[in-house]
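In: model this:
(one chain, ligands or ions: 1)
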Amino acid sequence: MRCGLCLAEEPNLVNSHIVPEAIATAGLLNGQFSLLVGPKNYPKRMQIGAYSRIVCEKCEASFHAEDELFIAAFRFLNQAPVFDEGVATILDGFDGSQLKRAVLSILFRANLSDHELFRDVNLGPYEDELRRYLVERSGDVSSVFSVALRHVTGKDGRIVLNCMRAMLGGAHTYRIYMPHLTALVKVDKRPWEKSIAYASLGSTNPPVALRVDSLAPSERRAISLAVEPHVSRIEKAFRRFR
Ligand SMILES: [Zn+2]
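Out: Numbering: from 1, shown residues only. As a prediction, the model looks like this:
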């Protein structure tokens with residue numbers, strides 16, 4: 001079998017979490033839970049996150065350092081200082097370029113994975129560039145790739161939608177949903193508009209995350225379409241976890 005990262009032929013590929021497990025399951029650990037809204041309009045409770053056999057053992061191990069860093073940043077969000085009248089969260093003490101690499105590693109895994117949550121991810125001609133960047137572990141990616149984080153502080157933040165690609169801030173952007181955090185990844189030659197670009201990881205020190213209370217109206221519409229047929233079942237599930 002061929003490793004999706006180093007491209008070596010290997011007798012076995014190992015399981016990789018696409019989003020680090022500690023993040024994917026964070027809602028469960030807090031005594032809450034994340035509602036997973038899949039592409040088949042079937043909402044269900046997030047259990048152990050999504051994983052796939054996509055790379056060799058060595059490449060899987062190469063994900064760990066950035067995953068740990070990203071988990072640390074994720075945990076820091078709740079206590080992170082807020083600035084600019086509440087529209088941004090400061091990731092004090094973190095390195096924006098390293099966080100950007102961590103998110104691009106997640107996007108790369110999502111691209112390799114055949115899990116339903118990530119079926120919208122297709123890097124096409126940009127896959128090779130991202131692979132080189134991750135394998136060589138030095139330098140930066142081209143300006144096609146930008147990453148911003150969105151901290152969703154309110155109740156909406158518990159909802160984990162399937163990863164989707166849509167226009168955002170003037171460019172094609174993937175949204176990778178995690179509990180109370182969305183990674184926004186631009187894969188487009190066009191730059192983002194200023195309202196997002198200022199939070200682009202690697203462009204400020206310390207890095208910042210956009211801070212919002214709730215999801216955008218378009219996202220809420222996608223959720224309600226998926227959730228409406230199942231409202232009574234979901235309310236029952238929420239009651240159990242209150
Ligand atoms: Zn490999």
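
In: Residue 218 sits in which helix or strand?
Out: Element membership for residue 218, per DSSP states H and E: helix 217-227.

In: how far out from the middle of the chain is that helix?
Out: 19 Å (Cα atoms, centre = their mean, to the nearest Å).

In: contact partners of the helix or strand hosting residue 150?
Out: In this assignment (DSSP H and E), residue 150 forms part of strand 145-152. By Cβ atoms under 8 Å, 6 or more residues apart in numbering, the residues outside strand 145-152 that reach it are 77, 80, 89, 91, 99-100, 103-104, 126, 129-130, 180-187, 191-192, 196-197, 199-202, 207, 209-215. Where you see a C-beta, it was placed from the backbone N, CA and C, and this is true even at glycine.

In: packing partners for the helix or strand following that strand?
Out: With elements assigned by DSSP H and E, the helix or strand that comes after strand 145-152 is strand 159-161. Using 3 or more Cβ pairs under 8 Å, 6 or more residues apart in numbering; DSSP states H and E, the elements in contact with strand 159-161 are strand 35-37, strand 171-178, helix 217-227.

In: can you list the residues of the chain near the ion?
Out: Proximity of the chain to the ion, by Cβ under 5 Å from the ion, involves residues 3, 5, 6, 56, 59.

In: pretty sure residue 12 is touching residue 3, no?
Out: No: assessed by Cβ atoms under 8 Å, residue 12 is found out of contact with residue 3, at 10.1 Å.

In: which neighbours do those two share?
Out: residue 56.

In: Specify which residue of the two has the higher count of neighbours.
Out: More crowded of residue 12 and residue 3, by other Cβ atoms under 10 Å: residue 3, with 19 against 8.

In: nearest spatial neighbour of the more buried one, skipping sequence neighbours?
Out: Spatial nearest neighbour of residue 3, chain neighbours left out: residue 56 (4.0 Å); criterion: Cβ to Cβ, 6 or more residues apart in numbering.

In: which one is residue 24 nearest to, not counting chain neighbours?
Out: Using Cβ to Cβ, 6+ apart, the closest residue to residue 24 is residue 49 (2.9 Å).

In: Correct me if wrong: residue 80 contacts residue 91.
Out: Yes: using Cβ under 8 Å, residue 80 is in contact with residue 91, at 6.2 Å.

In: how deep is residue 111 tucked in, by neighbour count?
Out: Neighbourhood size, residue 111 [other Cβ under 10 Å]: 22.

In: Can you say which helix or strand has it in it?
Out: Per DSSP H and E: residue 111 is located in helix 96-112.

In: In that helix, which residues are buried?
Out: Across helix 96-112, burial judged by 16 or more other Cβ atoms under 10 Å covers 96, 98-112.

In: again, but for stretch 124-138
Out: So, applying 16+ other Cβ under 10 Å, buried residues of stretch 124-138: 126, 130, 131, 133, 134.

In: just the strands in this structure please.
Out: For the chain, applying DSSP state E gives strands covering 14-17, 35-37, 43-45, 51-55, 82-83, 88-90, 145-152, 159-161, 164-168, 171-178, 181-187, 208-212.

In: can you list those in JSON lines and add mean neighbour count?
Out: Below are the strands of the chain laid out as JSON lines (neighbours: other Cβ atoms under 10 Å):
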{"stretch": "strand 14-17", "mean neighbour count": "17"}
{"stretch": "strand 35-37", "mean neighbour count": "23"}
{"stretch": "strand 43-45", "mean neighbour count": "17"}
{"stretch": "strand 51-55", "mean neighbour count": "20"}
{"stretch": "strand 82-83", "mean neighbour count": "14"}
{"stretch": "strand 88-90", "mean neighbour count": "22"}
{"stretch": "strand 145-152", "mean neighbour count": "24"}
{"stretch": "strand 159-161", "mean neighbour count": "24"}
{"stretch": "strand 164-168", "mean neighbour count": "15"}
{"stretch": "strand 171-178", "mean neighbour count": "22"}
{"stretch": "strand 181-187", "mean neighbour count": "24"}
{"stretch": "strand 208-212", "mean neighbour count": "22"}
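
In: All good on my end, thank you.
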